[in-house]
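Engineer: Next one to model:
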Amino acid sequence: MDNSFLHSKRLLLVDDEQELLKMVTDILKDAGFETILTAVSVKDAVLTAKNENPDLIVLDVMLPDGDGFALMQQLRTFTNVPIIFLTAKDEATDKLSGLGLGADDYISKPFMPQELVLRIYAVLRRTYKEDSPLLVLDGCTIDFSRAEVHKDGEIISLTAKEHTLLETLARNAGKIVTVDALCEALWGDNPFGYENSLNAHVRRVREKIETDPSKPVSLITIKGLGYKLIARK
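Structural biologist: Got it, this is the predicted structure:
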């Protein structure tokens, strides 16, 4: 698969281990990425994200002046770029905490260099498409190429997970997509246990695409089965 169109995307790595930052930077440069930004603390990460506008952030959970979960919440106040957690922690509660906040992936240390590169490519491909059509819904238009919702004159950014969710539903517009199928599209081949996270993503998507999220007309729940996206003809 040709990933060259992604190499211009700006990546921000946040970790307090200088050796790891250098190693990951070298790995990504070898893969072809042109701009690798780094930060070693919560404060540095916030400033860099605001000033440099990265297209994807790789974020460690444990930082000297705070934790990655709190940092992600700060970042989400001004950016919706995809976030991947990279951490030595591998406990289920930590993983679910990150995913529940809307993180796009979670990689545990130690990791294989190629795994990291492939995960970054996968998240970037889901977020930044070369050519994707516009999808017109009741009250809004979704631009998959920019991961944006255009509603009432406002442009609303989609996270990578929200983009994948909507794209999966859009490929099956008018048809029921099961909970299991959506979880697999968002989290891979072992989707068990992600239903609550899926519900949280559906809720956030409805807030972005529906005129009245409490009475959805575009993203419909089919009780006991899954969800259906209704596109305008």
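
Engineer: From the opening residue of stretch 217-230 to its closing one, how far?
Structural biologist: Taking Cα to Cα, to the nearest Å, stretch 217-230 runs 7 Å from one end to the other.

Engineer: measure the residue sitting nearest the centre point of the chain to residue 139 for me?
Structural biologist: With distances taken as Cα atoms, centre = their mean, residue 160 lies nearest the centre of the chain, 2.9 Å away. Separation of residue 160 from residue 139 (Cβ to Cβ, to the nearest Å): 23 Å. For every residue, glycine as well, the C-beta is placed using N, CA and C.

Engineer: likewise residue 30?
Structural biologist: Residue 30 is 45 Å from residue 139, by Cβ to Cβ.

Engineer: Which one's more surrounded, these two?
Structural biologist: When residue 30 and residue 139 are compared on other Cβ atoms under 10 Å, the one with more neighbours turns out to be residue 139, at 15 against 10.

Engineer: Quick one: residues contacting residue 151.
Structural biologist: 139-141, 208-209 (Cβ atoms under 8 Å, 6 or more residues apart in numbering).

Engineer: which stretches of this protein form helices?
Structural biologist: Counting by DSSP state H, the chain has helices at residues 18-31, 42-52, 68-75, 92-100, 113-127, 160-171, 179-187, 195-209.

Engineer: can you pull the buried residues of the fifth one?
Structural biologist: When burial is assessed from 16 or more other Cβ atoms under 10 Å, helix 113-127 yields the following buried residues: 116-117, 119-127.

Engineer: Likewise for the first one?
Structural biologist: Residues of helix 18-31 classed as buried: 21, 24-25, 27-28, 31 (neighbour count, 16+ other Cβ under 10 Å).

Engineer: Dump the C-alpha coordinates for that helix into PDB.
Structural biologist: Taking C-alpha atoms only, helix 18-31 is exported to PDB below (Å, rounded to 0.1, in the frame of the first residue of the first chain):
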ATOM      1  CA  GLN A  18      15.200  11.100  25.700                       C
ATOM      2  CA  GLU A  19      16.600   7.800  24.400                       C
ATOM      3  CA  LEU A  20      13.100   6.600  23.400                       C
ATOM      4  CA  LEU A  21      12.300   9.900  21.700                       C
ATOM      5  CA  LYS A  22      15.500   9.600  19.600                       C
ATOM      6  CA  MET A  23      14.800   6.000  18.800                       C
ATOM      7  CA  VAL A  24      11.200   6.600  17.700                       C
ATOM      8  CA  THR A  25      12.200   9.700  15.800                       C
ATOM      9  CA  ASP A  26      14.900   7.700  13.900                       C
ATOM     10  CA  ILE A  27      12.400   4.900  13.200                       C
ATOM     11  CA  LEU A  28       9.800   7.400  11.800                       C
ATOM     12  CA  LYS A  29      12.300   9.300   9.700                       C
ATOM     13  CA  ASP A  30      13.600   6.000   8.200                       C
ATOM     14  CA  ALA A  31      10.000   5.200   7.300                       C
END
